[in-house]
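**Q** sequence and predicted model, in that order:
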Amino acid sequence: MNARNIIIAILIIIGLGIAFLTLGGGSTMLVPKPTPTLNPALQDLENIVNASGTLVPAQRASIAFAGAVPARVQRVAVKPGDTVKAGDVLIQLDVAEEQAAVNAARATLAQLRAGATKEEIAVAQANLDAAKAQLAKVRAGATPEELAIARANLERAAAVLRDAQSQYDRIKDDPQRGMYPQSQALHLATQEYRIAEARYQQLVKGPTPEDIRIAEANVAIAQANLDRIKAAARPEEIAVAQAKLDQAQSALALKTLTAPFAGTVAAVNVKEGETVTPGVPLVVIGDLSRMRLESDDLSETNIARVRIGQTASVKFDALPGKSFQGKVTYIAPMATAKQGGTNYTIYIEFDSLDPALRWGMTGHIEINTVRQ
């Protein structure tokens, strides 16, 4: 055997040895391969849902007037940054007309409840006495003295008329007679004579049935007025007056914008003297003592993995390097349309937050869908 063959034989033996060792040294038992395990860090990433949201007060409101007509702003009582209590005045419109209506309605109601004063009763009684005296006079007819006076007035008016006629006769043929004072004097004297004559004839003839009816009606009216003033107000009258006062006060209240809850004024969108329109938000307030992160950034594929109570880690651009722990407290039951797909809204609430965080800041959320 030459050297070449020896080398080949050695290589074959080495190859067989390597094969034998690879197959387990000739043993018929196969050694099981170990099952690979996943990296714990990779598992955590699969359980995380990411989103972004805005920090806002849990209780906030954009407040507008609910009145029916535009009105002028009389006073702006707050500015951004002010703290207010529930019921505090924010904006006051011009209320001169409404305040006058309230005052009048309140006075009417008070008068009805108090009843008439002695002076009011005395005036009503005097009016009734005068009406009765007039009725008696009408029924009795003219006295001799009244007839004599009326006769004298008639004769005096006749004398004035004769004199005026005489003066007019001197210029009656003048084409311009209408421009002379004699024409006007004759006209006035004629009217006065007719009035005096009618008065005298009325006294001579005595009262007509119509005169008596009118005098009796005046007595009835005066009596009814006195009875009404003396009588206490009926419950129905008081109820009507109270309703008018309530209505006037409601109209007055519509001219005052008040805080619906305690909080901080974030924005005021009007100045004194401007005219405001009902329904347009003028003041924005929020309760800064309780802030939460609201996000509408969760797609329908992610929201299926989110549950109320799951923990969330939130980082804010304003405070890099800090992380705040919170929990999912709300998941919207219905989706909202958003550019790029269908999204759902969630709320993240915190046990505590840094005071440096402010309304409107952006937070980046990591929700652990396993831990609660």
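**A** Perfect, thanks for sending it.
**Q** what strands line up against whatever helix or strand Thr54 lives in, and which way round?
**A** Assigned by DSSP states H and E, Thr54 belongs to strand 48-57. Applying DSSP bridges, strand 48-57 is found paired with strand 291-299 (antiparallel), strand 362-368 (antiparallel).
**Q** dump those strands to a markdown table, plus distance to Pro281 and mean neighbour count.
**A** (Each C-beta comes from the backbone N, C-alpha and C, glycine too.) Output for the strands paired with strand 48-57, formatted as a markdown table (distance: least, CB to CB, whole Å; neighbours: other CB atoms under 10 Å):
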| stretch | distance to Pro281 | mean neighbour count |
| --- | --- | --- |
| strand 291-299 | 19 | 20 |
| strand 362-368 | 23 | 19 |
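**Q** before we move on, what SS does Gln191 have?
**A** Classification of Gln191 by DSSP: H, G, I helix; E, B strand; the rest coil places it in helix.
**Q** can you get me a residue count around it?
**A** Look at Gln191: counted by other CB atoms under 10 Å, it has 12 neighbours.
**Q** and Glu145, by the same measure?
**A** 8.
**Q** in the helix or strand where it lies, what counts as buried?
**A** Assigned by DSSP H and E, Glu145 falls within helix 144-169. For helix 144-169, the neighbour count (16 or more other CB atoms under 10 Å) marks 150, 153-154, 157, 160-161, 164, 167-168 as buried.
**Q** mind pulling up the pLDDT for the closest residue to Tyr193 other than its chain neighbours?
**A** With sequence-adjacent residues excluded and distances taken as CB to CB, 6 or more residues apart in numbering, Tyr193 is closest to Ala157, at 4.1 Å. Listed pLDDT for Ala157 reads 94.
**Q** do the same with Ile171
**A** 88.
**Q** in a helix, it, correct?
**A** No. Per three-state DSSP, Ile171 lies outside any helix segment and is coil.
**Q** what does the host helix or strand of Ala185 contact?
**A** Using DSSP H and E, Ala185 sits in helix 181-205. Defining contact as CB atoms under 8 Å, 6 or more residues apart in numbering, one finds that helix 181-205 is touched by 141-142, 146-147, 150-151, 153-154, 156-158, 160-161, 163-165, 167-168, 170-171, 177.
**Q** just the buried positions in it, please.
**A** Result for helix 181-205 [16+ other CB under 10 Å]: buried residues 182-183, 185-186, 189, 192-193, 196, 199-200, 203.
**Q** show me what the next helix or strand after it is packed against.
**A** Next helix or strand after helix 181-205 toward the C-terminus (DSSP H and E): helix 209-230. Applying 3 or more CB pairs under 8 Å, 6 or more residues apart in numbering; DSSP states H and E, we find helix 209-230 packed against helix 118-140.
**Q** between the helix it packs on and helix 209-230, how big is the angle?
**A** 160 degrees (axes from the mean of the first three to the mean of the last three CA atoms, to 10 degrees).
**Q** mean confidence for helix 118-140?
**A** Mean predicted confidence for helix 118-140 is 90.
**Q** the helix holding Glu145 to helix 181-205, inter-axis angle?
**A** Orientation note: helix 144-169 sits at an angle of 160 degrees relative to helix 181-205 (the same axes, to 10 degrees).
**Q** so what's the gap between helix 144-169 and the chain middle?
**A** Distance of helix 144-169 from the chain centroid (CA atoms, centre = their mean, to the nearest Å) equals 73 Å.
**Q** give me the neighbour count for Ile121.
**A** Using other CB under 10 Å, the number of residues around Ile121 comes to 14.
**Q** surely Ile285 touches Val268?
**A** No. Applying CB atoms under 8 Å as the test, Ile285 and Val268 come out as separate, 9.8 Å apart.
**Q** if we can go back for a sec, looking at the strands paired with strand 48-57, which is nearest to Glu349?
**A** Glu349 sits nearest to strand 291-299 of all these, at 4.6 Å, using CB to CB.
**Q** who's more crowded, Ile285 and Val268?
**A** Counted by other CB under 10 Å, Ile285 and Val268 do not tie: Ile285 has more neighbours, with 28 against 19.
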